[in-house]
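Visitor: coordinates only, sequence not included:
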DNA sequence: GATGAATGAGGGTTCATTCAT
DNA sequence: TATGAATGAACCCTCATTCAT
């Protein structure tokens, strides 16, 4: 969140005027504030849901006045949408650009599982996904955004690789290629389970994903 | 929903006076009203979520006055909880009492899938599950109820049968027995996908479940 | 405003049941409440203008809770529009149905002046007119309503009578017939003057109107 | 608007140094900014009324930052008052210093009408008058200012001339002398009508004023 | 039991004003 | 002097809940 300091600090290194430093600091302050509001919004929306979250609380948590939120976001819904966008957008590239063709299909699945566990389940993005699942039906634009930016970009790539695996004989059946959703269903289960039932019965998500892959591709080789 | 008729009819069996008939009719009326309110609540909660649903709309849809809701339910949250209870409770028995031991493990899985598609996905219970997924984090009691009444009763039964399958050699691996969640993850995917993305890309849920079972147990035999 | 009591009392005379009396009283209460809110709104809008008037104050003045206003009016603007309509509508008939043709033109003018002084200037309608003048430019619908309901119905009647006066030789010039606005301009002056300058210099409006008529039609005959 | 340039230019006449030129230019800039803010304020106040006008919009229209307004005016109300003062003050002199005694009374009335049409109705001053009429009741100081600066200076002059006309036999009646408001009532009508009803029915104000004078003083002589 | 008018606390949003730069 | 980000009081409107009838 405060990484920008280093970045812009590097850019402004040799300028050194007061005015520029002020401008630079103002720019930093602005994006820091924006980030603080987004972080606070994620906390509040996660804890209470969109409708019940109060901008008063978001502002207090972000350490700004209520009106300040409206300097950065048009309204509550806008804040929500931008929060989702900001968290979701960076994640797509990883899979899209991965060299899926050159790995064995099992390694592909393991990579996807690992990315999910490391980049989503272990981070705040898990909460964002939960929000999308929970609020999507009431925010058609949100669901559409997620479909367009994530589902429609990631799923075809996975399906293509699965079809290739069928052609290559890596997979005996085309079931997975026809329903790539089956490959990621356990990830969804992990998110829902953890938010609802983990306090009653802990679910080891990394192990769940491994078991899933074992089921699909046979026992794993020696680690 | 109209099952209550039979129940109260039984109680009033041997009385048969006009007054009692009135009382009986009143009893029927009462439970019909209650059912109407619950049905309307499901519609509204499904469409707008718990926080955004308005009791005004629930009352209008149920054809009663707003105050009447409070004659049957303590408050909005109570209505929500009782709605979930009323819809969830009847479903557990089916699996609990099924003769799982006597069926091949694949047939067990097929039965579970069939029950899900027929009794949940094709009914309003799908919406109830969606509500639990979406609102559970904000209603710990609700999540607990669902865990206690459904998860903790159904999952051990399934797991026991899966463990038996491992013992019997029906299953080569214990992955599914260790994580019976993997067996039902596609059902969760079906519910979430249908509520978020079906308008962009339809998902044939029955076929999804079949493909899932093929993956787990090998190609299906001739029907 | 409380005239409705007599009316409905007459209708319900011979029924005399508690239920009906309750219903009757509820109806009365409703229209009394509505009237109280309208009266309070007139006070507040007059004193502070539309934008600065606070519905909190309207509610307090009417002796109801803030939310109650919304049971009777959609929103603040609606309350304002209905206030104007309720006060303006009853006044048109008087001139429209008066037997203008049978009176000398001077008597017609005196009647109009008398109606203005008695029914508008001496009543709350004066404040309503002031509101229309002040807020009309920001409420095109309001100006249109007033034009349609009052101006376009009253002015042509007056003009027709003035044209008849020219034909009959009652008037030497057609100036007034071409610009009937000139006949009522002093009424406008009275309203504006009284709201702005009366505390500095009192304007005797009845005498102003008489002087106006003297100027137009010559010295008045013995009263 | 740019008259201030001449004024401050006169002060700096004999100095002529660079510094002073800078100071002079700064002075010009200052009063230009002030003028720009006043012009923008007139636009916004006219379009939306005092309470609904936003200083944000005034600043944007004037091409300055919001805070800059507060360098020139104490607060929103102050800006409004000074706007009215700046626009109203210059107009009084014209009538006060006109050689009313030497013109026939009809010519006096024609002059007043001409000044109104040319200097007020055809200019932004019309909007200022409309603002005074609309907002005066909520701004006692404003009404007082206008009464003191305009009404109490212009009306007595007109009245005196009308009384002289009665003495001289130019007027048969003293009605106009007793109520000089009657002379200017059509001007008020013109302003109000144009702001409310002109889109439904256009009013030819010049012709209205001519008809008014015809009514008061008889048919006009050949032009 | 049933009604629905009434309540009033609560929250989203606006905007005049301030002040650090 | 000029800026414009920040503030927070104010206000409209909603809606769960109550209660007289």
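Guide: Cool, the structure landed. Model, not experiment: these values are computed from the prediction.
Visitor: hmm, the helix or strand hosting residue A:190 in reach of chain B?
Guide: Assigned by DSSP states H and E, residue A:190 belongs to helix A:181-196. Yes. Helix A:181-196 lies within reach of chain B by Cβ under 8 Å from any Cβ of the partner chain, at A:181-182, A:184-186, A:188-189, A:192-193, A:195-196. Any C-beta I mention is one placed from the backbone N, CA and C, and that applies to glycine too.
Visitor: buried subset of those residues?
Guide: A:181-182, A:184-186, A:188-189, A:192-193, A:195-196 (16 or more other Cβ atoms under 10 Å in any protein chain shown).
Visitor: Is it possible to get CSV of the residues you listed that adds pLDDT?
Guide: Below are these laid out as CSV (pLDDT from 0 to 100):
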residue, pLDDT
A:181, 98
A:182, 98
A:184, 98
A:185, 98
A:186, 98
A:188, 98
A:189, 98
A:192, 98
A:193, 98
A:195, 97
A:196, 97
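Visitor: Identify, from those residues, the entry nearest to residue D:114.
Guide: Checking these against residue D:114 with Cβ to Cβ, the nearest one is residue A:195 at 79.7 Å.
Visitor: Let me know whether that closest one touches residue B:136 as I believe.
Guide: Yes. Between residue A:195 and residue B:136 there is a contact at 6.9 Å, judged by Cβ atoms under 8 Å.
Visitor: Quickly list what's touching both of those two.
Guide: Counting by Cβ atoms under 8 Å, 6 or more residues apart in numbering or on different chains, residue A:195 and residue B:136 have no shared contacts at all.
Visitor: The residue in chain A that DNA strand F sits nearest to: how many residues sit nearby?
Guide: Closest to DNA strand F within chain A is residue A:67: 1.7 Å, counting by Cβ to the nearest atom of the strand. Number of residues near residue A:67 (other Cβ atoms under 10 Å in any protein chain shown) recorded here: 9.
Visitor: give me the element it is part of.
Guide: Counting by DSSP H and E, residue A:67 is found in helix A:66-72.
Visitor: elements contacting that helix?
Guide: Other elements packing on helix A:66-72 under the criterion 3 or more Cβ pairs under 8 Å, 6 or more residues apart in numbering or on different chains; DSSP states H and E are helix A:18-48, helix A:55-62.
Visitor: Can you point out the buried residues in the shortest one?
Guide: By neighbour count, and taking 16+ other Cβ under 10 Å as the criterion, the buried residues in helix A:55-62 are A:55, A:57-59, A:61-62.
Visitor: and if you look at stretch A:198-209?
Guide: A:205, A:208-209.
Visitor: how long is that stretch from one end to the other?
Guide: Start to finish, the residues bounding stretch A:198-209 are 16 Å apart (Cα to Cα, to the nearest Å).
Visitor: Averaged pLDDT, that stretch. What do you get?
Guide: Mean pLDDT, stretch A:198-209: 98.
Visitor: Next: stretch A:98-113.
Guide: So the average pLDDT for stretch A:98-113 ends up being 92.
Visitor: One more: stretch A:48-62?
Guide: Here the average pLDDT along stretch A:48-62 is 97.
Visitor: neighbouring contacts of that stretch?
Guide: Contacts of stretch A:48-62 (Cβ under 8 Å, 6+ apart): A:33, A:36-37, A:39-41, A:43-45, A:47, A:65-66, A:68-69, A:76-77, A:79-80, A:131, A:134-135, A:138-139, B:49-52, B:134-135, B:137-138.
Visitor: which among these end up buried?
Guide: So, by 16+ other Cβ under 10 Å, the buried ones in the contacts of stretch A:48-62 are A:33, A:36-37, A:39-41, A:43-45, A:69, A:76, A:79-80, A:131, A:134-135, A:138-139, B:49-51, B:134-135, B:137-138.
Visitor: Tell me which other helices or strands the helix or strand residue A:132 falls within touches.
Guide: In this assignment (DSSP H and E), residue A:132 forms part of helix A:125-135. The contact analysis (3+ Cβ pairs under 8 Å, 6+ apart) places helix A:125-135 against helix A:18-48, helix A:76-96, helix A:140-146, helix A:181-196, helix B:125-135, helix B:181-196.
Visitor: and chain A, which residues reach chain D?
Guide: Going by Cβ under 8 Å from any Cβ, none of the residues of chain A are near chain D.
Visitor: which bits of chain A sit near chain C?
Guide: Going by Cβ under 8 Å from any Cβ, none of the residues of chain A are near chain C.
Visitor: the domain parsing of chain A - what is it?
Guide: Domain ranges of chain A: A:3-73, A:83-217, per automatic domain parsing.
Visitor: Give me whichever of these is most buried.
Guide: Of all the domains of chain A, domain A:83-217 carries the top mean neighbour count, a mean of 18, counting by mean count of other Cβ atoms under 10 Å in any protein chain shown.
Visitor: So for it, first residue to last residue, what's the gap.
Guide: 37 Å.
Visitor: how about that domain, does it reach DNA strand F?
Guide: No. For domain A:83-217, no contact with DNA strand F is found by Cβ under 7 Å from any atom of the strand; the gap never falls below 12.6 Å.
Visitor: How about that domain and DNA strand E, touching?
Guide: No. Domain A:83-217 stays clear of DNA strand E (Cβ under 7 Å from any atom of the strand), getting no nearer than 13.5 Å.
Visitor: how far out from the middle of the chain is that domain?
Guide: 11 Å (Cα atoms, centre = their mean, to the nearest Å).
Visitor: Wait, residue A:146 touches residue A:133, no?
Guide: No. Using Cβ under 8 Å as the test, residue A:146 is too far from residue A:133 to be in contact (9.6 Å).
Visitor: Now do the shared contacts for these two.
Guide: residue B:196.
Visitor: Quick check on the residue of chain A found nearest chain C: phi, psi?
Guide: Ranked by Cβ to the nearest Cβ, the top residue of chain A for proximity to chain C is residue A:75, at 18.8 Å. Phi and psi for residue A:75, reported as degrees, to the nearest 10, are phi -160, psi -170.
Visitor: gap between it and residue A:31?
Guide: 20 Å (Cβ to Cβ, to the nearest Å).
Visitor: picking that back up, nearest to residue D:164 among the buried residues of stretch A:198-209?
Guide: For those, the nearest to residue D:164 is residue A:205 (101.4 Å; Cβ to Cβ).
Visitor: low pLDDT regions in chain A?
Guide: A:1-29, A:220-223 (pLDDT under 70).
Visitor: give me that answer again for 80
Guide: A:1-30, A:91-98, A:219-223 (pLDDT under 80).
Visitor: if we can go back for a sec, now the residue of chain A closest to chain C: how far from residue A:81?
Guide: From residue A:75 to residue A:81 the distance is 10 Å (Cβ to Cβ).
Visitor: re the thing from before, among the buried residues of helix A:55-62, which one sits closest to residue B:88?
Guide: For these, the nearest to residue B:88 is residue A:57 (31.8 Å; Cβ to Cβ).
Visitor: If you drop the residues flanking it in sequence, what lies closest to residue A:110?
Guide: Once flanking residues are discounted, residue A:110 sits nearest to residue A:213: 6.0 Å by Cβ to Cβ, 6 or more residues apart in numbering or on different chains.
Visitor: Right, I'll leave it there.
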